[in-house]
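Peer 1: make a model of this:
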Amino acid sequence: MPLRIAICDDDVKQCTLLQSWLAQWEQMHAISLIVISYQSTEQFLFHYDNHPCDLLLLDIEMNGTSGMHLARQLRKKNDMLPIIFITGFSAYMQEGYDVDALHYLLKPVQQEKLFAALDKFLAHQKDSRQILLPCTDATIRICEDDILYCEAFGKKTQVTCINSASYCCNLGISQLADQLSRAFILCHRSYLVHLGHIYIIRKTELILDNGQTLPLSRRLYDLVNRTFIAYYKERSL
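Peer 2: Okay, the predicted model is just below:
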């Protein structure tokens, strides 16, 4: 499946240059890309729901709504789309951290620095198993490793992720469990947890990396504890 990369920049020459470099990077890695350019944040948002992307190269200073405002809009909707910011001012870097930007590129953009940022993105994509969550208004692609836990609510499941993102999925918890890898385990009839995000296991509860507590069924304690230990032993080999 090709990777979809969006460029949002009102500088036509900059867009053309980035497209050229992306074509070179595509050949270097023998992968397939679909690259779409937008000249404004408004244009990007208008098309985004029907034309989602895997990565956004986003200029900050643009006519109309700024790139930073667009990033904040996405994060407000719990959309963790990877963003590489492009800017002429290093002063924006702190704001980039606030919206969890993948990387910053200062103008004039250097090809080797763009390629390094793209390599970082690609490595993360390869290391992370992706799943599709059918939600009420959209189907959301999400990285398994970003999921902290899943909680059953009748025939639906609330999926809670790192960075406090949360999605209501139109699948029962058993159906969702069938789609997830062995990194997930049932710790209670209503909870699936990612083993990689467990910090402490107690007799009746789990404490996650972020300090949150989940219930642990007494009958499942031994299984969860054994699986947790085996999970980390396997990863250390």
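
Peer 1: going forward, measure contacts and count neighbours with C-alpha atoms only.
Peer 2: OK.

Peer 1: flag the helix or strand of the protein with the lowest per-element mean pLDDT.
Peer 2: Sorting the helices and strands of the chain by mean pLDDT, DSSP states H and E puts helix 93-98 at the bottom, at a mean of 63.

Peer 1: where in the protein is pLDDT low?
Peer 2: When residues are selected by pLDDT under 70, those of the chain lie in 1, 78, 91-98, 126-128, 163, 235-237.

Peer 1: give me the residue at the spatial middle of this structure.
Peer 2: Central residue of the chain (Cα atoms, centre = their mean): residue 80, 4.7 Å from the mean position.

Peer 1: wait, what's in contact with it?
Peer 2: Applying Cα atoms under 8 Å, 6 or more residues apart in numbering to residue 80 gives the contacts 74, 165.

Peer 1: ok now stretch 138-158, how far from the chain's centre?
Peer 2: Centroid separation for stretch 138-158 versus its chain: 13 Å, with Cα atoms, centre = their mean, to the nearest Å.

Peer 1: try stretch 9-25
Peer 2: Distance, centroid of stretch 9-25 to centroid of chain: 24 Å (Cα atoms, centre = their mean).

Peer 1: ok, now stretch 217-235?
Peer 2: 27 Å.

Peer 1: ditto for stretch 113-127
Peer 2: From the chain centre to the centre of stretch 113-127 is a distance of 14 Å (Cα atoms, centre = their mean).

Peer 1: which residues touch that stretch?
Peer 2: Here stretch 113-127 makes contact (Cα under 8 Å, 6+ apart) with 25, 84, 102-103, 105.

Peer 1: name the member of these with the most neighbours.
Peer 2: Neighbour counts for the contacts of stretch 113-127, by other Cα atoms under 10 Å, peak at residue 84, which reaches 23 neighbours.

Peer 1: which residues touch that residue?
Peer 2: Contacts here follow Cα under 8 Å, 6+ apart; on that basis residue 84 touches 55-58, 101-105, 117.

Peer 1: so it belongs to a strand, correct?
Peer 2: Yes. Counting by DSSP: H, G, I helix; E, B strand; the rest coil, residue 84 is found in a strand.

Peer 1: pairing-wise in the sheet, spell out the partners of it.
Peer 2: Counting by DSSP bridges, residue 84 is bridged to residue 57, residue 103.

Peer 1: mind checking how far it is from residue 42?
Peer 2: Note on residue 84: its distance to residue 42, by Cα to Cα, to the nearest Å, is 18 Å.

Peer 1: and the residue nearest to the centre of the chain, backbone torsions?
Peer 2: Main-chain torsions, residue 80, degrees, to the nearest 10: phi -100, psi 40.

Peer 1: what about the helices in this protein?
Peer 2: 12-29, 41-48, 67-76, 93-98, 111-127, 173-179, 221-236 (DSSP state H).

Peer 1: hang on, the earlier thing: let me have the contacts of residue 84 in JSON lines, extended by distance to residue 233.
Peer 2: Shown next, in JSON lines, are those (distance: Cα to Cα, whole Å):
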{"residue": "55", "distance to residue 233": "33"}
{"residue": "56", "distance to residue 233": "36"}
{"residue": "57", "distance to residue 233": "38"}
{"residue": "58", "distance to residue 233": "40"}
{"residue": "101", "distance to residue 233": "32"}
{"residue": "102", "distance to residue 233": "30"}
{"residue": "103", "distance to residue 233": "32"}
{"residue": "104", "distance to residue 233": "36"}
{"residue": "105", "distance to residue 233": "38"}
{"residue": "117", "distance to residue 233": "31"}
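
Peer 1: ok so, going back, can you redo the contacts of stretch 113-127 as CSV with distance to residue 195?
Peer 2: Listed next are the contacts of stretch 113-127 as CSV, based on distance: Cα to Cα, whole Å:
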residue, distance to residue 195
25, 35
84, 30
102, 25
103, 28
105, 35
